[in-house]
Structures are given as structure tokens and as C-alpha cells.
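Peer 1: here is a sequence with its predicted model. Questions after.
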Amino acid sequence: MSGLDLAPLWLTLKLAAATTFILLLIGMPLAAWLAHTRSRLRPFIETLVTMPLVLPPSVLGFYLLLAFSPANAPGAWLRATFGVDLVFSFAGLVVGSVIFSMPFMVQPVAAALSNLPVSLREAAYTMGKSRSSTLLRVELPCVRPALIAGVVMSFAHTVGEFGLVLMLGGNIPGVTRVASIAVYNEVEALNYPAAQAYAAILCLFSFAVVLLVNLLRRKAERSA
């Protein structure tokens, strides 16, 4: 372990933390909208949010690679407008990870919010609270176990990404070589002790995440 390169592990934590933070910012309003709206667009938006669960990561990574490439319109616009290249960059990994982990944040929170009584929201409105204030101060505290589970699962899912990261970010040391890519890289180099060390760390982390989610679920069931 003393000779193990820790950079992929730190980069993985950095990517997972950034992804989870962004998902909190955009996932909560989206989950609330899906839980409360009667719009005809809801099935379409729900499908888009859910697709990463069934879509192969390499397929999503391939289309994001095409979209973000400066040779195509979206990537060219990003470069010309903001001076940003998302292909083979950490910023591109964050954007791809947000899209890929979106259902793990949105779905549990949206399901929990939809099960809250409508009267709770209406009472907050009659007291003069805005929709955003009602969501932050009334509804989200009531679905805290689902929110925590969404945060934990989004973080863990990002840590375990491989296909999307390899397709969109490649294998650049210190930039896009996260822990899952490091395992693959060490196996290719026939450095099995290092690959085993990375894999063992990821296995322990996965076990801790699943255990935490199960404990949260049991706590929620007991308090219900």
C-alpha cells in the first residue's frame, strides 16, 4: 500500500463530491417538479432521467463524447462561448457523471415527496411560504431518509463509474484516471498487486455504502 499511487483515489473522491453537490442543487427542484406536476411532459422527463439506469455507460459516454467534441456543434459552441473543452477533461467527467447518476438522486426523493400529504404543502402556502421555501423547510425534512439515501447512492455510483469515464475522459493521470480506471490500467500492465489494492478499497467502500443504505431504510421503516 505504501507504493500505491493515491492520486486516482483522491480524484475519484473529488469527482464524486462535485457530482453529488451539483445533483443536490439541480436534483431537488427536479424531484419536486416530478412529484407534484401534472404536466404532459412528465412521462418524457421521467424517461430521460431514468434512462441512465438501463443505458450501457459506454453508449452514454460515446454520445457525450460526440456532443462535447469541438468538431460538433455543442462542443464548438462551448469552446467559442466559454472557452471550455469538456472532452478528456475533469469538467467533462463531472457533467457526464451528473447525467449518469441523476436517477439515483431524483428517483428516491421524488417518490418520497409524492407520498407526502397534499395538505402539508397547502398549509405551508396558506402561511405565506413560497414554493422553494416549502420544499426546503417543510417537505425535504420530512423525506430526510430518502434524501440521505439519494446522496449516498449518487456518491457511490460516481465512485464506481468506468465505461462512461473511460469513453469521455480517457486515462489521463491526474486529470481523468479515477480509481476504476486505475484498476483497469494496472491489470493491463500486469501489476496485479496494485490492481488488487485499488479493487479492495472499492469493494470496502461499496460494502459500507450498501450497509449504510440498508440501515437508513430500516430506520425509516421503524419510524413510519
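Peer 2: All right, it came through fine. Numbering: from 1, shown residues only.

Peer 1: okay, CA-based contacts and neighbour counts for the rest of this
Peer 2: Noted.

Peer 1: which element follows the lowest-mean-pLDDT helix or strand in the chain toward the C-terminus?
Peer 2: Within the chain, confidence by mean pLDDT, DSSP states H and E is lowest for helix 118-126 among all helices and strands, at a mean of 80. Using DSSP states H and E, the helix or strand that directly follows helix 118-126 along the chain is helix 131-134.

Peer 1: buried residues, that next one. List them.
Peer 2: By neighbour count, and taking 16 or more other Cα atoms under 10 Å as the criterion, the buried residues in helix 131-134 are residue 134.

Peer 1: could you point out which element follows that helix?
Peer 2: helix 140-142.

Peer 1: who's in contact with that next one?
Peer 2: Helix 140-142 has contacts (Cα atoms under 8 Å, 6 or more residues apart in numbering) with 113, 147.

Peer 1: how far does the helix or strand that that helix is followed by sit from the chain's center?
Peer 2: Downstream of helix 140-142, the next assigned helix or strand under DSSP H and E is helix 144-159. For helix 144-159, the distance between its averaged C-alpha position and the chain's averaged C-alpha position is 8 Å (Cα atoms, centre = their mean, to the nearest Å).

Peer 1: stretch 46-66: which residues count as buried?
Peer 2: Within stretch 46-66, the residues that count as buried by 16+ other Cα under 10 Å are 46, 49-50, 52, 57-58, 60-62, 64-66.

Peer 1: out of the residues you listed, which sit inside helices?
Peer 2: Of the positions in these, 46, 49-50, 57-58, 60-62, 64-66 sit in helices, assigned by DSSP state H.

Peer 1: make TSV out of these and add distance to residue 26 and pLDDT.
Peer 2: As requested, these are arranged in TSV below (distance: Cα to Cα, whole Å; pLDDT from 0 to 100):
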residue	distance to residue 26	pLDDT
46	15	93
49	12	93
50	15	93
57	21	91
58	24	91
60	20	92
61	21	92
62	24	94
64	19	93
65	23	93
66	24	93
